[in-house]
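A.B. asks: sequence and predicted structure are below.
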Amino acid sequence: MQNIIHPDFKVGILGGGQLGKMLCLAAQNWHLQTWILDTSSDFPAGQVCSHFIEGNFKDFDDVYNFGKQVDVLTIEIEHVNTEALLKLESEGVKVHPSPSALNIIKDKGLQKQFYADKGLPTSSFELYESGEAIKQALNNGTLEYPFVQKSRTAGYDGKGVAVILSENDIEKILMTPSVIEPLVDIEKEIAVIVARNENGEMQTFPAVEMEFNPVANLVEFLVCPADIPYEVAQRAEILAKETIADFDICGLLAVELFWTKNGQILINEVAPRTHNSGHHTIDSCYTSQFQQQLRAILNLPLGSTKMKTPSVMVNLLGAEGYTGQAIYEGLDKCIATEGVKIHFYGKEITKPFRKMGHATILDEEIEKAKEKGRFVLKNLVIKS
């Protein structure tokens, strides 16, 4: 194995957002060099990485030239130039996750077809080339309400998703190539983060339960462990392992799942990287998801995913009606509360529903952790 604790060994990361920042912070514990590629060193990771290179991770030349300078290349966002990654891989650069898997995952249509081809459980789906084609299908009766529309590319954090319940929602239809799925009768939305290294070793973090902001459609409230039967949790973890193995990914895969009212477990979608549903692991598990990503891409033994304590995680979002330099109100009340761990991402500008940070709340009694989480959401207000 290559000596990673060496001044010349470089871990390259495409993307300088909060995930990149937290990955760099985990790497600092091992004194690993972290190189970031993104368009501005003012982004969160620019404040903590070893070396920042300004460039566009969607540009072939920028990604290729960056990748030639590092020993291992990974991502914090899947919407990167995979043509450059494929060339780098062919020239012997270690790229994790694999660019071929990224090409499938970053297109939700290809992603759904992959599950169908591999026999992995997911909801039924149809592909449409445009919003007009969807409206035409509604008019001629080949598509019926209600349904969920997802843009095939570029969607994240609830963007690129429309829930169409009736004719009253027709103006919400996105005018992009899309995946259309039926509205699944969900008991709970859960997620499992699974890690895999080059040796094929796999570890899953305990399943978490997600509650979404009804307006922004992104995770606002997360509970670990999920309040689900043991056998459901076991099935979810097995499915996550099957999925990362089928994609042949080294690194992390966040597998978002539907547990339906009739007992099915269906794959909703996946992310081949650290994920919002794993932020609590920094404070509540023996190994954080960020250290686990490093272990996996460097082909090191994977860390224990055992929980230290139950936890709740809440996203700290920019308040509605405010755009400008961030002001954090109520911080003193929150950090004075036992078990509340605040993580700010260092974003200077706040916007409505922008992720400005997260809080993990630790408590042996999950109901008390939830109560403290609601306290943080009410009292920590991010304005401008």
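C.D. replies: Perfect, I can see it now.
A.B. asks: so which residues of the protein form helices?
C.D. replies: For the chain, the helices defined by DSSP state H cover 18-28, 60-67, 82-90, 99-105, 108-118, 131-139, 230-247, 281-284, 289-297, 331-335, 366-379.
A.B. asks: got the buried residues for the third one?
C.D. replies: So that's helix 82-90. Within helix 82-90, the residues scored as buried using 16 or more other Cβ atoms under 10 Å are Thr82, Ala84, Leu85, Leu86, Lys87, Leu88, Glu89. To be clear about C-beta, it is placed using only N, CA and C from the backbone, and glycine gets the same treatment.
A.B. asks: right, and the last one touches Pro99 too?
C.D. replies: I take that to be Glu89. Yes: using Cβ atoms under 8 Å, Glu89 makes contact with Pro99 at a distance of 6.1 Å.
A.B. asks: which stretches of this structure have low pLDDT?
C.D. replies: 1-2, 156-158, 213, 215-219 (pLDDT under 70).
A.B. asks: if we use 80, what do you get?
C.D. replies: Applying pLDDT under 80 to the chain flags residues 1-3, 5, 154-159, 212-220.
A.B. asks: which residue, neighbours along the chain excluded, lies closest to the residue nearest the centre of it?
C.D. replies: The geometric centre of the chain, computed from its C-alpha atoms, lies nearest to His275 (Cα atoms, centre = their mean), at 2.8 Å. Nearest non-adjacent residue to His275, counting by Cβ to Cβ, 6 or more residues apart in numbering: Ala254, 3.3 Å away.
A.B. asks: could you do Glu320 as well?
C.D. replies: That would be Pro352: by Cβ to Cβ, 6+ apart, it lies 4.8 Å from Glu320.
A.B. asks: Cys334 versus that neighbour, what's the distance?
C.D. replies: 20 Å (Cβ to Cβ, to the nearest Å).
A.B. asks: more neighbours: these two, which one.
C.D. replies: Cys334 (21 against 14; other Cβ atoms under 10 Å).
A.B. asks: go ahead and confirm the more buried one touches Phe375.
C.D. replies: Yes: using Cβ under 8 Å, Cys334 is in contact with Phe375, at 7.4 Å.
A.B. asks: report the contact partners of His358.
C.D. replies: Asn276, His279, Met313, Val314, Asn315, Leu316, His343 (Cβ atoms under 8 Å, 6 or more residues apart in numbering).
A.B. asks: mind checking which of the residues you listed are in strands?
C.D. replies: Taking DSSP state E as the definition of strands, the contacts of His358 contribute Met313, Val314, Asn315, Leu316, His343.
A.B. asks: mind putting the contacts of His358 in TSV, distance to Val208 and neighbour count included?
C.D. replies: Formatted as TSV, the contacts of His358 follow (distance: Cβ to Cβ, whole Å; neighbours: other Cβ atoms under 10 Å):
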residue	distance to Val208	neighbour count
Asn276	10	22
His279	10	27
Met313	8	29
Val314	13	26
Asn315	13	22
Leu316	18	22
His343	17	18
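A.B. asks: just name the closest of these to Cys49, please.
C.D. replies: Comparing these against Cys49 with Cβ to Cβ places His343 closest, at 17.0 Å.
A.B. asks: so that closest one bridges to which residues?
C.D. replies: For His343, the beta-bridge partners under DSSP bridges are His358.
A.B. asks: in a markdown table, list the ones in strands among the contacts of His358 along with distance to Asn262.
C.D. replies: Shown next, in a markdown table, are those (distance: Cβ to Cβ, whole Å):
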| residue | distance to Asn262 |
| --- | --- |
| Met313 | 29 |
| Val314 | 30 |
| Asn315 | 30 |
| Leu316 | 36 |
| His343 | 38 |
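A.B. asks: which among the residues you listed gets closest to Lys135?
C.D. replies: Asn315 (33.4 Å).
A.B. asks: how much space between the closest one and Arg295?
C.D. replies: Where Arg295 is concerned, Asn315 sits at a distance of 26 Å (Cβ to Cβ).
A.B. asks: and Ser277, what does it touch?
C.D. replies: Shown in contact with Ser277 (Cβ under 8 Å, 6+ apart): Ala191, Ile193, Val208, Met210, Val219, Leu222, Ala254, Glu256.
A.B. asks: the same query, at a cut-off of 7 Å, please.
C.D. replies: If you count contacts by Cβ atoms under 7 Å, 6 or more residues apart in numbering, Ser277 has them with Ala191, Ile193, Val208, Met210, Val219, Leu222, Ala254.
A.B. asks: which pair of the residues you listed spans the longest distance?
C.D. replies: Ile193 and Val219 (13.0 Å).
A.B. asks: look at the closest residue to Gly155 other than its chain neighbours and say how many residues are nearby.
C.D. replies: Closest residue to Gly155 apart from its sequence neighbours, by Cβ to Cβ, 6+ apart: Val161 at 6.3 Å. Neighbour count for Val161, taken as other Cβ under 10 Å: 19.
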